[in-house]
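A.B. asks: coordinates only, sequence not included:
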């Protein structure tokens, strides 16, 4: 026995916590850290949870917000949104051109937002967040914009009128319906 105790050297022992300043109160020293993010916490900052001591941010954060959307699922959601948007958009304009505009058709158009939103939600594995909400809303706008643009290019007579659904009364109604449909798709995935 040498007589020198391991703690006598002044160096921290391996596996032993050392005092650090609290993340929120730098003048308070603590040995406790958040079990999720590792921030040092003083007694005033600790939140006791079922899985250990956490900081306020980690304790209040629901599990779904900590899960991130994988890149592959995001690409699937974009593909599903644009595919569904294209299909229902062409069907919408085909029926609208065949039958003509009538009041109940607004509800059919609003259903486009629901269908596109549901397709994005399923393709993303039911992930709800800003990314999928933007994809759903953008794909719904695509459903309303792509068919007139394709028709305008196909007829080789690209007029601004055709691209923006005309500025007539029907065109204005179509813009309102498109905005509401995009909002529904957004809410379905947010």
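C.D. replies: Good, I have the coordinates. Bear in mind that the values here come from a model prediction, so they are computed numbers and not experimental data. Numbers count the residues shown, from 1 in each chain.

A.B. asks: so which residues of this protein form strands?
C.D. replies: All strands of the chain, identified by DSSP state E, fall at 20-21, 29-30, 32-33, 40-41, 47-49, 52-54.

A.B. asks: most neighbours per residue, which of those strands?
C.D. replies: Among the strands of the chain, strand 40-41 has the highest mean neighbour count (mean count of other Cβ atoms under 10 Å), at a mean of 24. In short, each C-beta sits where N, CA and C put it, glycine included.

A.B. asks: returning to what we had before: of the strands of the chain, which is nearest residue 149?
C.D. replies: Smallest distance to residue 149 across the strands of the chain (Cβ to Cβ): 50.7 Å, for strand 52-54.

A.B. asks: contacts for the closest one next, please.
C.D. replies: Contact partners of strand 52-54, identified using Cβ atoms under 8 Å, 6 or more residues apart in numbering, comprise 32-36, 41, 46-47.

A.B. asks: in its sheet, what does that strand sit against?
C.D. replies: Paired neighbours of strand 52-54 in the sheet (DSSP bridges): strand 47-49 (antiparallel).

A.B. asks: which other residues reach the partner strand?
C.D. replies: For strand 47-49, contacts defined as Cβ under 8 Å, 6+ apart pick out 35, 53-56, 59.

A.B. asks: can you pick out the most distant pair from those?
C.D. replies: Among these, 35 and 56 lie farthest apart (Cβ to Cβ), at 13.2 Å.
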